[in-house]
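Novice: Sharing a model that was predicted from the sequence below.
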Amino acid sequence: NAGVTQTPKFRILKIGQSMTLQCTQDMNHNYMYWYRQDPGMGLKLIYYSVGAGITDKGEVPNGYNVSRSTTEDFPLRLELAAPSQTSVYFCASSLLAATDTQYFGPGTRLTVL
Amino acid sequence: DQQVKQNSPSLSVQEGRISILNCDYTNSMFDYFLWYKKYPAEGPTFLISISSIKDKNEDGRFTVFLNKSAKHLSLHIVPSQPGDSAVYFCAASAAGGTSYGKLTFGQGTILTVHP
């Protein structure tokens, strides 16, 4: 099993550009999450999904969109990139609820200039 | 409002000694607590957890203690090893309320274990 994979590993965007961060898990987990980690800060939840077709906002959803059309994939969309979105983005999945062990991907380092 | 706080940004310990990482929380609805460990350029990995019905959980060299009245938990690593050098995140979840189904993370503590 590959676990949770994320692409790309690194990306530099110009202000106003858009992009999609990809996340795939092969563990047949129901729950998937997107977090961002700013320097010196903990992980903040952006969006999460409890199953295909069901998503909900986390703590910091503004400027992002998600979709969950399959169990495996949970892409994160940035429509109009802003410098405040410069961060490291982590995707995670868990079989059951948030208290179940979450398995994280390696992260995507995004810089918006 | 930082509901989960790790007030020590860093901790330096000698190999073989005990490492104690601390975490405080403010939300009384939190009833499940987890510790995650993160190496550079990798995602966090689960280390150990504790439910609010317990005050201690042990797994090998790692023990987590929970003091509900003080809203405080700590992670003890004994003995510490150089491979334990990483960032440690405390996280909390609630069975109800607005935090249901979500993890709230602390800022992390950088642990360095010197040989």
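Specialist: Looks like it came in fine.

Novice: low-scoring stretches of the chain, by residue?
Specialist: Unless you meant another one, I'm taking chain A. Low-confidence segments of chain A (pLDDT under 70): A:98-99.

Novice: hmm, I had chain B in mind actually
Specialist: Along chain B, segments meeting pLDDT under 70 span B:96-101.

Novice: Tell me how many other residues surround residue A:58.
Specialist: Using other Cβ atoms under 10 Å in any protein chain shown, residue A:58 is surrounded by 20 other residues. (Glycine included, C-beta is placed from N, CA and C.)

Novice: what's it in contact with, if anything?
Specialist: Shown in contact with residue A:58 (Cβ atoms under 8 Å, 6 or more residues apart in numbering or on different chains): A:33, A:34, A:35, A:44, A:45, A:46, A:47, A:48, B:102.

Novice: for chain B, what spans make up the strands?
Specialist: Along chain B, counting by DSSP state E, strands occupy B:4-5, B:10-14, B:19-25, B:30-38, B:45-51, B:56-59, B:62-67, B:72-77, B:86-94, B:104-105, B:109-114.

Novice: Which other helices and strands does the first one contact?
Specialist: If I follow you right, that is strand B:4-5. strand B:19-25, strand B:86-94 (3 or more Cβ pairs under 8 Å, 6 or more residues apart in numbering or on different chains; DSSP states H and E).

Novice: hang on, the earlier thing: from the contacts of residue A:58, which single one is nearest residue B:10?
Specialist: Using Cβ to Cβ, residue A:44 is the member of the contacts of residue A:58 that lies nearest residue B:10, at 20.9 Å.

Novice: hang on, the closest one is in a strand, isn't it?
Specialist: Yes - counting by DSSP: H, G, I helix; E, B strand; the rest coil, residue A:44 is part of a strand.

Novice: what sits against it?
Specialist: Here residue A:44 is in contact with A:35, A:36, A:37, A:38, A:58, A:59, A:60, B:105 (Cβ under 8 Å, 6+ apart).

Novice: So which of the residues you listed belong to strands?
Specialist: The strands, defined by DSSP E, take in A:35, A:36, A:37, B:105 from these.

Novice: what's the most distant pair in those?
Specialist: A:36 and B:105 (10.9 Å).

Novice: what is in contact with these two at once?
Specialist: In contact with both residue A:36 and residue B:105: A:43, A:44, using Cβ under 8 Å, 6+ apart.

Novice: How about the contacts made by residue A:94?
Specialist: Taking Cβ under 8 Å, 6+ apart as the test, what residue A:94 contacts is A:29, A:30, A:31, A:33, A:100, A:101, A:102, A:103.

Novice: Surely the fourth one touches residue A:55?
Specialist: Translated: residue A:33. No - at 10.5 Å, residue A:33 does not count as touching residue A:55 under the criterion of Cβ atoms under 8 Å.

Novice: Look at those two and report which has more neighbours.
Specialist: The neighbour comparison of residue A:33 against residue A:55 (other Cβ under 10 Å) goes to residue A:33, with 26 against 19.

Novice: that's a helix at that one, yeah?
Specialist: No - counting by three-state DSSP, residue A:33 is located in no helix; its state is strand.

Novice: bridging residues for residue A:12?
Specialist: Beta-bridge partners recorded for residue A:12 (DSSP bridges): residue A:111.

Novice: interface residues of chain A facing chain B?
Specialist: By Cβ under 8 Å from any Cβ of the partner chain, the residues of chain A that approach chain B are A:4, A:33, A:35, A:40-45, A:48, A:50, A:58-59, A:90, A:92, A:97-99, A:101-107.
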